[in-house]
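Peer 1: task: produce atomic coordinates for the following.
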Amino acid sequence: MGLTPEVAIDVKGIGFRYPGNPDVSFNGLNLQVNKGDRFGLFGPNGAGKTTLISLMTGLLTADEGTIELLGQNINGSKGAVNKLFGFIPQDFSFYHELSPVENLEFFGAWSGLDKIAIKHRTDELLTILGLNHVRNKQVEKFSGGMKRRVNLAIGVIHNPPILFLDEPTVGVDVQTGRAIIDYLLALNKTGTTLVYTSHQLNEAEDLCKEVALIDGGQIIARDSLEHLLKTHNHKNLEQMFLSLTGKEYRN
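Peer 2: Okay, here's the model as predicted:
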């Protein structure tokens, strides 16, 4: 018998409702993500994906239930919890008037790193992500793909064991998208747990081993991608997604 996997993210009995907006809500939602997983969370617009990620990162607070990251309650000591995860949001989350170096210095310090660690990680990440030649230029002058890479560097500067990714490659060219996915796969090989959501379903098949489909605030399917495709008799994630969530327009 194998060892029981260590749980990285443990969502228990979550209840949540936006005041005055019952369309996106959770009632007793449960979800576990094991340490080292490459986990994909997918669903139509308004299904609750971004809300759930916001709850798991502490940007929103659940009305009931608990969320733990590596055994620590997300609503506990913010300083300790924030070191456990990185978050790559869909919207750019940096200071456009600053350079990559200046942004990484700021966010590295905010994450609790000292000056030596910040310099080491900055040099390392700018080299890996192909930004060394623009390290001292204003980010506002960058292309969309370069801005995506700055966003990624900020999210991982403190080497978080869990990384949340919300549309990390939206709006980039094929080469940049592939480079970002390859970097995420390399991170995962070192033990980083990935939680990924995107509308790029072909890309998701390359990145994700475990998949959950969410609709109407409920998880309607959850398993390994390989097993789900076999169970539902579909060739790819897009076919299965449309089969389970429907083809009608969503707001």
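
Peer 1: when you work out contacts or count neighbours from here on, use the C-alpha atoms and nothing else.
Peer 2: OK.

Peer 1: residues in contact with the helix or strand harbouring residue 80?
Peer 2: Element membership for residue 80, per DSSP states H and E: helix 78-82. The contact list for helix 78-82 (Cα atoms under 8 Å, 6 or more residues apart in numbering) reads 69, 72-74, 111.

Peer 1: let's see it at 7 Å
Peer 2: Helix 78-82 is contacted from outside by 72, 74, using Cα atoms under 7 Å, 6 or more residues apart in numbering.

Peer 1: quick one: buried residues of stretch 16-27?
Peer 2: For stretch 16-27, burial by neighbour count (16 or more other Cα atoms under 10 Å) applies to 16-17, 24-26.

Peer 1: from the residues you listed, which one has the minimum pLDDT?
Peer 2: Lowest-confidence member of these: residue 24, scoring 68 (pLDDT).

Peer 1: shaky segments in the protein?
Peer 2: 1-4, 22-24, 229, 232-236, 238, 240-251 (pLDDT under 70).

Peer 1: all strands of it, in order?
Peer 2: Under the criterion DSSP state E, strands of the chain are mapped to 7-18, 21-34, 38-42, 64-69, 72-73, 85-88, 162-166, 193-197, 210-215, 218-224.

Peer 1: any chance of these in JSON lines, with distance to residue 117 too?
Peer 2: Shown next, in JSON lines, are the strands of the chain (distance: least, Cα to Cα, whole Å):
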{"stretch": "strand 7-18", "distance to residue 117": "25"}
{"stretch": "strand 21-34", "distance to residue 117": "28"}
{"stretch": "strand 38-42", "distance to residue 117": "27"}
{"stretch": "strand 64-69", "distance to residue 117": "24"}
{"stretch": "strand 72-73", "distance to residue 117": "25"}
{"stretch": "strand 85-88", "distance to residue 117": "17"}
{"stretch": "strand 162-166", "distance to residue 117": "19"}
{"stretch": "strand 193-197", "distance to residue 117": "22"}
{"stretch": "strand 210-215", "distance to residue 117": "33"}
{"stretch": "strand 218-224", "distance to residue 117": "37"}
